[in-house]
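Peer 1: build me a structure from this.
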Amino acid sequence: MPPRMDTQTFIFGLVSGLALAATVQYFGSFFQRQPVIETKEIIEREKEVVDPMILSSRAQRVVDDLTAELSISSARLHRLVLHMTSEFKKGLSADGEALKMIPSYVTNLPTGNEKGTFLALDMGGTNFRVLSVTLEGSGRTRQVQRKYPFSEEMKKMHGVKLFDFFAECIAGFIKDQNLGPGPHKLGFTFSFPVAQTDINRGKLMHWNKGFENEGVIGKDVVALLEQAIQKKNLNIQVTALVNDTVGTLVTNAYKDPQTHVAVILGTGTNAAYVEKTSAIQKWKSKSPQVIINTEWGAYGEPSILPISQWDIALDRMSENPRKQIFEKMISGLYLGELCRLVIVDLINAGDLFKGNGSATMATPHRFDTALMSRIERDHTLDLNDTKNVLEDVCSIPSTSIEDRRLVKHICELIGTRAARLAAAGTAALITKINKLDNCTVAIDGSVFEHYPHFGNRMRDALRELLGITAENVILEQSKDGSGLGAALIAALH
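Peer 2: The predicted structure is shown next:
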């Protein structure tokens, strides 16, 4: 006989069932009322956000093609090291070679005990500075400086006017800092190729970094500065003409005596190193060593360098075609433009932004290396800052997550290639002087300092090239080598 159900149990079950049915009916009718377009929008957003790592087959083919053209293999890096080493030796043996290998006449390195107050004038690619540097001994320094940015007009004015402006700025600095009437010793950092004939004498070989000032090529730049200083009746003796890379080496050696190489990775690129004078056939000196200014930015062997179609286009559009090829593949003045050229080609092919570009993106040099840095730093899932760069700064009408990922990949390829090329040149110098056991490489410049992952990419490439001995090579950021270095060299001479 089945169990009897009392009245309370029956009523509770009935009420519960009705409530459940009502709940199901309510939510069912709620979802049925939602517009279909909202559901589609949600699905589209989920496609874009849930798995942003998957590229379409067309985009993947573009990535593969770009990687093939803008990457540099370990085998090619090794060939580059061997060839650059041989070019260094050629440049040391005779004038007129591809790499100038210019003796700097700086034969002494600082001990750290130098004392006194010295002036420095630092002319770089982006700005110039006037400094007062006080050496306190024991490796300690104090300095005061004033910075003046270069306008495009200044880069094209006549050379005499440019140097007159330098003298005017020096005079104002001395007055403002109450440095007195002098005499003052001044070291002049001049970050351009110079045929140096003495520690304070040298003629400009050619301009780079966008400068075109007339009346300077072939002239002694110290003499031009001295003439401008005399017009201002300043009691200043220019005791040293210093390349910025040489200055960086001397500055770092002030605190680290194992510094044998210096590299500039900024607006332009260059390297300097300490060489035995016995290895320099074209230059004789009683000193056992001298710092060599390599001017490695001029390296450009097409059979060795991974020169792409965009490198060729950039070179043809530049102010110095067929020159400074290595520099154009590495330095901050050119990396952004190189990236822009790749992006424009992909827009024209319909592979980016559905073929919709902008006047900004079509304008040369409007996409600079600082924008590449922002994009490489963007690690958000939907690349928000990359979207801001492309749509707000570059005026691209709209971008998809795939567009943004593709642009970021372009930046990574160009930035990585630059770091690997810089590492190959560095490895060639270290190998040349056989300092694989212990070598500090002083590196100055905005690209090394600010471009994401640049230093680590260089270290990775050095491990590929040098193996376990790469652990003995220290890449050390050396700030303000050009200013402090000029003062130090002025103190040494």
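Peer 1: could you point out which element follows the lowest-mean-pLDDT helix or strand in the chain?
Peer 2: Lowest on mean pLDDT, DSSP states H and E among the helices and strands of the chain sits helix 36-50, with a mean of 42. The helix or strand immediately downstream of helix 36-50 is helix 57-70, counting by DSSP states H and E.
Peer 1: just the strands in this protein please.
Peer 2: Along the chain, the stretches classed as strands by DSSP state E are 102-103, 115-123, 127-137, 140-149, 184-190, 194-198, 201-204, 236-242, 259-265, 269-276, 289-293, 439-444, 473-477.
Peer 1: turn those strands into CSV, including mean pLDDT, mean neighbour count and distance to I170.
Peer 2: Every residue, glycine included, has its C-beta placed from N, CA and C. Output for these, formatted as CSV (pLDDT from 0 to 100; neighbours: other C-beta atoms under 10 Å; distance: least, C-beta to C-beta, whole Å):
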stretch, mean pLDDT, mean neighbour count, distance to I170
strand 102-103, 92, 22, 26
strand 115-123, 91, 22, 7
strand 127-137, 89, 19, 5
strand 140-149, 90, 14, 10
strand 184-190, 93, 25, 8
strand 194-198, 88, 17, 20
strand 201-204, 94, 20, 19
strand 236-242, 93, 24, 7
strand 259-265, 96, 28, 24
strand 269-276, 97, 24, 25
strand 289-293, 96, 24, 24
strand 439-444, 96, 26, 23
strand 473-477, 96, 18, 28
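Peer 1: now distance to R374 too, for those strands, in TSV please.
Peer 2: TSV is the format used below for those (distance: least, C-beta to C-beta, whole Å):
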stretch	distance to R374
strand 102-103	36
strand 115-123	27
strand 127-137	22
strand 140-149	21
strand 184-190	30
strand 194-198	35
strand 201-204	35
strand 236-242	33
strand 259-265	18
strand 269-276	21
strand 289-293	33
strand 439-444	22
strand 473-477	21
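Peer 1: which of the ones you listed sits closest to P306?
Peer 2: strand 269-276 (16.2 Å; C-beta to C-beta).
Peer 1: what strands flank the closest one, and is each parallel or antiparallel?
Peer 2: Here strand 269-276 has these sheet partners by DSSP bridges: strand 259-265 (antiparallel), strand 289-293 (antiparallel).
Peer 1: so who does K219 touch?
Peer 2: Going by C-beta atoms under 8 Å, 6 or more residues apart in numbering, K219 touches G159, K203, L204.
Peer 1: quick revisit: distance to R58 added to the strands paired with strand 269-276, as JSON lines?
Peer 2: Output for these, formatted as JSON lines (distance: least, C-beta to C-beta, whole Å):
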{"stretch": "strand 259-265", "distance to R58": "35"}
{"stretch": "strand 289-293", "distance to R58": "48"}
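Peer 1: so which of those strands gets nearest F88?
Peer 2: Across the strands paired with strand 269-276, F88 has its closest neighbour in strand 289-293 (8.4 Å, C-beta to C-beta).
Peer 1: so what touches that closest one?
Peer 2: Residues outside strand 289-293 that contact it (C-beta under 8 Å, 6+ apart) are 92, 100-107, 194, 196, 243, 245-246, 249-250, 270, 272-277, 280, 283.
Peer 1: hmm, try it at 7 Å
Peer 2: 101-104, 106-107, 243, 245-246, 249, 272-277 (C-beta atoms under 7 Å, 6 or more residues apart in numbering).
Peer 1: CA atoms only for it - export them in PDB, please.
Peer 2: Presented in PDB, the C-alpha positions along strand 289-293 are these (Å, rounded to 0.1, in the frame of the first residue of the first chain):
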ATOM      1  CA  GLN A 289      97.600  52.800 -27.600                       C
ATOM      2  CA  VAL A 290      95.100  55.200 -29.000                       C
ATOM      3  CA  ILE A 291      91.300  55.300 -29.200                       C
ATOM      4  CA  ILE A 292      90.100  54.600 -32.700                       C
ATOM      5  CA  ASN A 293      86.900  56.200 -34.000                       C
END
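Peer 1: now do the spatially closest residue to S446 that is not a sequence neighbour against L66, distance only.
Peer 2: Nearest residue to S446 in three dimensions, chain neighbours excluded: G266, at 4.7 Å (C-beta to C-beta, 6 or more residues apart in numbering). According to C-beta to C-beta, to the nearest Å, G266 and L66 sit 26 Å apart.
Peer 1: I102 now?
Peer 2: 37 Å.
Peer 1: tell me which of G266 and L66 has more neighbours.
Peer 2: G266 (25 against 21; other C-beta atoms under 10 Å).
Peer 1: if we can go back for a sec, between the contacts of strand 289-293, which is nearest V130?
Peer 2: N243 (18.2 Å).
Peer 1: helices or strands up against the helix ranked longest in the chain?
Peer 2: Determined from DSSP state H, the single longest helix within the chain is helix 401-432. Applying 3 or more C-beta pairs under 7 Å, 6 or more residues apart in numbering; DSSP states H and E, we find helix 401-432 packed against helix 57-70, helix 74-93, strand 259-265, strand 269-276, helix 332-348, helix 369-377, helix 384-387, helix 454-466.
Peer 1: buried ones in stretch 361-378?
Peer 2: Under the neighbour-count criterion of 16 or more other C-beta atoms under 10 Å, stretch 361-378 has M361, R366, F367, D368, T369, L371, M372, S373, I375, E376, D378 buried.
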